[in-house]
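> A structural model of the following input is requested.
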Amino acid sequence: MLTVLLALFACSGPDTDTETDVPQTTPWSGDLVPLTSEVATTRGFEHARTLVHMHSPWSHDACDGDGIIDGEVNAECLDDLRSALCSQSIDVAFFSDHPSNAADQTYEQWSHPQAGDTPAMLGSVQVGDYINCDSGHRVLWLPGIEDETMPVAFDRHVADTTDENHRLYNNSDAEAMTAFADAGAVILQAHTEGRPIEQLTERQDLGMQGVEIFNLHAMFAPDIRQEDLGLDPLGWATGIAPFTSPEGTAEPDLMFLGVLENQPPSLEKWNALMQRGPMVAVGGTDAHQNTLPLDLRDGERGDSYRRMMRWFANVLLVTGDTPEAYETALAAGRNYISFHALGTPDNFDFHVEGDDGTIYEMGSTAPSGGIVNVSCPTLSATSPHGELSPEVTVRVYKDGVVWKEGCAEGLGFPIDEDGAYSVQVEITPNHLLPFLGDEPDPFLRPYPWILSNAVRVGL
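Numbers count the residues shown, from 1 in each chain. Here you go, the predicted structure:
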């Protein structure tokens, strides 16, 4: 895959001539402001910008395969990662390093602590580290593993020896799943698109708590696109020239629009799993900084940690910024995926209100009946935009099929049939016209903007 992609990007390079004649009301920014200053709270919950499925230099294939050089961590790559976590105002990052080399590290070194960091405590146990950014923002780094499964937010290694750590981290049987749970992990599954449903149901029975319904690597990888997603393996490549070529005039960060679409195989499997029991949905960033090492027109490599973090995140609804608050929200499924390359959504809310007035948040299981409340999100004030407004479409899904369209805040949509209810929001990014170059029309079409978790009603 790398050879093909390098050929496609070979003509890219620094070029500062990126101006267009379209007015910019709010200019493009490669950085994101903290969600707490940008998005309103929801019934007392704050919105936390969260990354799931991230690789540090401990992963053997991160940093162009050079995460460790002569026995030392690749300091430049680690600096890129830490800087990006700060510049994108990430609140918590659930890392998922590969067992090679992560299983060989002491638990204390798993989150790459540096001078100035603060230990993150769960009771009397250190479970990660806070990066204290120059801006005053702080990022919680929680360690995890990706191999057969993706357990995240470990409170400790699963075993006392390196050999046992490797054996368990590379496994997915009942012994391994129990070990993950005993070590405090939230057990997720990466790359749902390539897993048969029979395997996923077996793992659900063993304690798997969540699956990816969107994986960024899958959208770029020709083999995964063709074999698992049923897409043209390189169908996106030629269309991104406005963002990647020296002659282009579009904002390089928006090359993401060339691959952004739903992943139906993963969504279908998630919906099938929810008929059997609760199942958290997450979006996997899967960043390694190891795929597109050539610089784009803005002088930054195509797959930089910063650029990939800029594209989307999981937004947790939390009651604080402690490890316990974040892990509880993730395990409960109290989150939605936000593709904030298209702008940060504000005022989004989806919940079920029971017949007795009880509120059931995303990730909950509610009794039969009640109503679905959903609000139409708006573009946050700090999101880059021009003079035009986006077109936003809100759809409520029942068991993966469109059930209602539009917003029902306060009045609600009455529920007359049991099922798993979720919300998808589409956006046509007219507001991004100033950043789409001289030929914007191919990109002025609907894209997924929000994918919510579900409320299981009567199941």
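
> contacts for stretch 218-232, please.
Residues from elsewhere that reach stretch 218-232, judged by Cβ atoms under 8 Å, 6 or more residues apart in numbering: 1, 4-5, 191, 193-194, 217, 233-236, 259-261, 263-265, 291. All C-beta atoms are positioned from the backbone trio N, CA, C, and that covers glycine.

> where does pLDDT dip in the chain?
For the chain, residues meeting the criterion pLDDT under 70 lie at 1-22.

> still on that earlier bit, can you flag the buried ones in the contacts of stretch 218-232?
5, 191, 193-194, 217, 233, 236, 259-260, 263, 265, 291 (16 or more other Cβ atoms under 10 Å).

> how about the longest helix along the chain: buried residues?
Counting residues, the longest helix in the chain under DSSP state H turns out to be helix 75-87. By 16+ other Cβ under 10 Å, the buried positions in helix 75-87 come out as 77-78, 80-87.

> now do the domain split for this structure, please.
33-338, 345-459 (automatic domain parsing).

> nearest to residue 26 among those domains would be which one?
With Cβ to Cβ, the closest approach to residue 26 among the domains of the chain belongs to domain 345-459: 5.3 Å.

> quick check: end-to-end length of the closest one?
In domain 345-459, first residue to last residue: 30 Å (Cα to Cα, to the nearest Å).

> returning to what we had before: which residues does the longest helix of the chain contact?
For helix 75-87, using Cβ under 8 Å, 6+ apart, the contacting residues are 30-32, 51, 56-57, 62-64, 66-67, 93, 112, 114, 131, 133-135, 137, 139, 141, 289, 304-306, 309.

> try 6 Å
Residues outside helix 75-87 that contact it (Cβ atoms under 6 Å, 6 or more residues apart in numbering) are 31, 57, 63, 112, 131, 133, 139, 305-306, 309.

> helix, strand, or coil at residue 425?
strand (DSSP: H, G, I helix; E, B strand; the rest coil).

> is it in contact with residue 449, as I believe?
Yes. Taking Cβ atoms under 6 Å as the definition, residue 425 is a contact partner of residue 449 at 4.7 Å.

> and stretch 294-306, what's buried?
294-298, 300-306.

> with distance to residue 100 added, can I get those residues in TSV?
Shown next, in TSV, are the buried residues of stretch 294-306 (distance: Cβ to Cβ, whole Å):
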residue	distance to residue 100
294	27
295	29
296	30
297	35
298	33
300	28
301	24
302	25
303	21
304	24
305	20
306	26
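
> secondary structure and distance to residue 403 added to those residues, as JSON lines?
Formatted as JSON lines, the buried residues of stretch 294-306 follow (DSSP: H, G, I helix; E, B strand; the rest coil; distance: Cβ to Cβ, whole Å):
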{"residue": "294", "secondary structure": "coil", "distance to residue 403": "45"}
{"residue": "295", "secondary structure": "strand", "distance to residue 403": "46"}
{"residue": "296", "secondary structure": "coil", "distance to residue 403": "41"}
{"residue": "297", "secondary structure": "coil", "distance to residue 403": "43"}
{"residue": "298", "secondary structure": "coil", "distance to residue 403": "42"}
{"residue": "300", "secondary structure": "coil", "distance to residue 403": "42"}
{"residue": "301", "secondary structure": "strand", "distance to residue 403": "43"}
{"residue": "302", "secondary structure": "coil", "distance to residue 403": "39"}
{"residue": "303", "secondary structure": "coil", "distance to residue 403": "38"}
{"residue": "304", "secondary structure": "coil", "distance to residue 403": "40"}
{"residue": "305", "secondary structure": "helix", "distance to residue 403": "38"}
{"residue": "306", "secondary structure": "helix", "distance to residue 403": "38"}
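
> biggest separation within these, which pair?
Most distant of the buried residues of stretch 294-306, by Cβ to Cβ, are 297 and 305, 18.6 Å apart.

> circling back to that earlier point, out of the buried residues of stretch 294-306, who's nearest residue 198?
residue 303 (33.4 Å).

> just say helix, strand or coil for residue 49.
strand.

> what about it, distance to residue 338?
Per Cβ to Cβ, to the nearest Å, residue 49 is found 8 Å from residue 338.

> just the helices in the protein please.
Using DSSP H, helices in the chain cover 2-9, 75-87, 99-102, 162-169, 174-182, 197-206, 216-220, 222-227, 241-244, 264-274, 305-311, 323-332.

> relative to residue 317, which of the ones you listed is closest?
Of the helices of the chain, nearest to residue 317 by Cβ to Cβ is helix 323-332, at 6.0 Å.

> what about the residue lying closest to residue 268 once chain neighbours are set aside, neighbour count?
Distances taken as Cβ to Cβ, 6 or more residues apart in numbering place residue 400 nearest to residue 268, at 6.4 Å, with adjacent residues excluded. By the criterion of other Cβ atoms under 10 Å, residue 400 has 19 neighbours.

> mind checking how far residue 400 is from residue 207?
For residue 400 relative to residue 207 (Cβ to Cβ), the value is 24 Å.

> kind regards, and thank you for your time.
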